[in-house]
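In: here is my input; please provide its structure:
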Amino acid sequence: MSSHTFADSPTTKRPEGSAERIARIGALKLGRQPIVMVTAYDVAAARAAEAAGVDIVLVGDSGANVVLGYGTTREVSLDEMLMLTRAVRRGLRETLLVGDLPFGTYEHSDEAAVATARRFVDEAGCDAVKLEGAGEMAQRVRAVVGAGIPVMGHVGLLPQAARDASELRAKGRTADDAVRIIEDAKALEAAGCFSVVIEAVPAEVTALLAAHVGAPTIGIGAGAAADGQVLVLHDLLGITPGRSAKFVKRYSDIGAQMLAGVRAFADEVRSRAYPAPEHTYAIAAEELEALKEKLGGT
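Out: Residues are numbered from 1 along each chain as shown. Okay, here's the model as predicted:
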């Protein structure tokens, strides 16, 4: 079976090499090598991520905002997430692929969680899935892991819990809240998560969490103590317009280059500078004459 063909059966079969890719993440932590994860939504981004040597590509439900234009991550559908994930799968060969289970598709029962996770593996070729929260979600993790599908957990700021942008605020700024986040991460590890994302948490809290959790941790706005870091590709490349979150560092300004390029194209079309002769196809003179005759000599 190739890595792009999946069995349609009650027993989920992950892509070839999935176990090795999961083990590689654990080995990076043991070797104290920082783990690099990017969030991507299409084949071109996937190819760039793999060529750059990242360790994990996450197809995040943030695609709801970044590429689909929704106001929150809660609005993206399962079918839309699967479509984005399939596109990313086509761009990867060796990199670990994780799919984000969208809001409303896993929370209400173990059966729903397993069914959704299986679709990400069987239909989109994921090596693993990610879900948000602990508490009752730890039981969902146990069910999905029990079905043979690795799970990445997520603590701290939980975007799926936010009804609008005003609720997207850093977490763990009080001792009680920080204890809860650390206990959540420990519960997710105990439930079987192979890794845990920590989002928008003070760096000092992340350092304490990392001391209590053996699974690899991936930070986003959580300081340098995590075992790895993740950013959305559109954010780090400067494609996403408007104000970015505090934790985003822009490594390029592709958004400005895109705007300049499209403006230059529009200007050349309007001035008739484009297309130039080098951008057009030719027809032999005798064929052109024959064509004119067929059209009545016009």
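
In: okay, CA-based contacts and neighbour counts for the rest of this
Out: Fine.

In: what residues sit buried inside stretch 157-171?
Out: The neighbour-count criterion (16 or more other Cα atoms under 10 Å) identifies 157-160, 168, 171 as the buried residues of stretch 157-171.

In: farthest-apart pair in the residues you listed, please.
Out: Pairwise distances across those (Cα to Cα) peak at 14.2 Å, for the pair Gln160 and Lys171.

In: number of nearby residues for Ala52?
Out: By the measure other Cα atoms under 10 Å, the count of residues near Ala52 is 9.

In: give me the pLDDT value at it.
Out: Turning to Ala52, the model gives it a pLDDT of 98.

In: now it: how far from Arg243?
Out: Per Cα to Cα, to the nearest Å, Ala52 is found 26 Å from Arg243.

In: could you do Ala44 as well?
Out: Looking at Ala44 against Arg243, where the rule is Cα to Cα, the gap reads 24 Å.

In: who's more crowded, the two?
Out: Neighbours per residue, other Cα under 10 Å: of Ala44 and Arg243, the larger number sits with Ala44, 14 against 7.

In: assign the more buried one to helix, strand or coil.
Out: In three-state terms, and counting by DSSP: H, G, I helix; E, B strand; the rest coil, Ala44 is helix.

In: what sits closest to it if chain neighbours are left out?
Out: Using Cα to Cα, 6 or more residues apart in numbering and skipping the chain neighbours, the partner closest in space to Ala44 is Gly91 (6.8 Å).

In: thought Tyr41 was touching that neighbour, still the case?
Out: No. Using Cα atoms under 8 Å, Gly91 and Tyr41 do not qualify as a contacting pair, with a distance of 10.3 Å.

In: neighbour-wise, which of the two wins?
Out: Counted by other Cα under 10 Å, Gly91 and Tyr41 do not tie: Tyr41 has more neighbours, with 27 against 18.

In: test my guess that that one contacts Arg86.
Out: No. Here Tyr41 does not reach Arg86: they are 9.1 Å apart, not a contact under Cα under 8 Å.

In: okay, Gly242: pLDDT?
Out: We note a pLDDT of 76 for Gly242 in this prediction.

In: what distance do you get for it to Ile181?
Out: Gly242 sits 30 Å away from Ile181, taking Cα to Cα as the criterion.

In: of these two, which one has the most company?
Out: Here Gly242 and Ile181 are compared on neighbour count by other Cα under 10 Å; more neighbours surround Ile181, at 25 against 7.

In: which helix or strand contains the more buried one?
Out: The secondary structure element spanning Ile181 is helix 175-191 (assigned by DSSP states H and E).

In: same check on Val98?
Out: In this structure, Val98 sits in strand 96-100 according to DSSP H and E.

In: wait, doesn't Glu50 sit right on Arg90?
Out: No. No contact is recorded between Glu50 and Arg90 when judged using Cα under 8 Å, the distance being 11.5 Å.

In: list the contacts of the residue nearest the centre of the chain.
Out: Geometric centre of the chain, nearest residue: Val59, 2.4 Å, by Cα atoms, centre = their mean. Residues in contact with Val59, defined by Cα atoms under 8 Å, 6 or more residues apart in numbering, are 39-41, 81, 84-85, 88, 97-100.

In: name the SS class of His154, please.
Out: Reducing the assignment to helix, strand or coil with three-state DSSP, the entry for His154 is strand.

In: same question, Val121
Out: Classification of Val121 into helix, strand or coil gives helix, according to three-state DSSP.

In: show me where the stretch 51-200 of the chain has strands.
Out: When assigned using DSSP state E, counting those that start in this stretch, the strands of the stretch 51-200 of the chain occupy the ranges 56-59, 96-100, 128-130, 151-156, 195-199.

In: Val213: which of those strands is closest?
Out: strand 195-199 (9.2 Å).

In: quick one: the closest one to chain centroid distance?
Out: On the basis of Cα atoms, centre = their mean, to the nearest Å, the separation between the geometric centre of strand 195-199 and that of its chain is 13 Å.

In: next: stretch 241-248.
Out: Relative to the centre of its chain, stretch 241-248 is centred 17 Å away, using Cα atoms, centre = their mean.

In: first vs last residue of it, how far apart are they?
Out: Separation of the first and last residues of stretch 241-248 by Cα to Cα is 13 Å.

In: shaky segments in the stretch 151-298 of the chain?
Out: Counting by pLDDT under 70, the stretch 151-298 of the chain contains low-confidence residues at 298.
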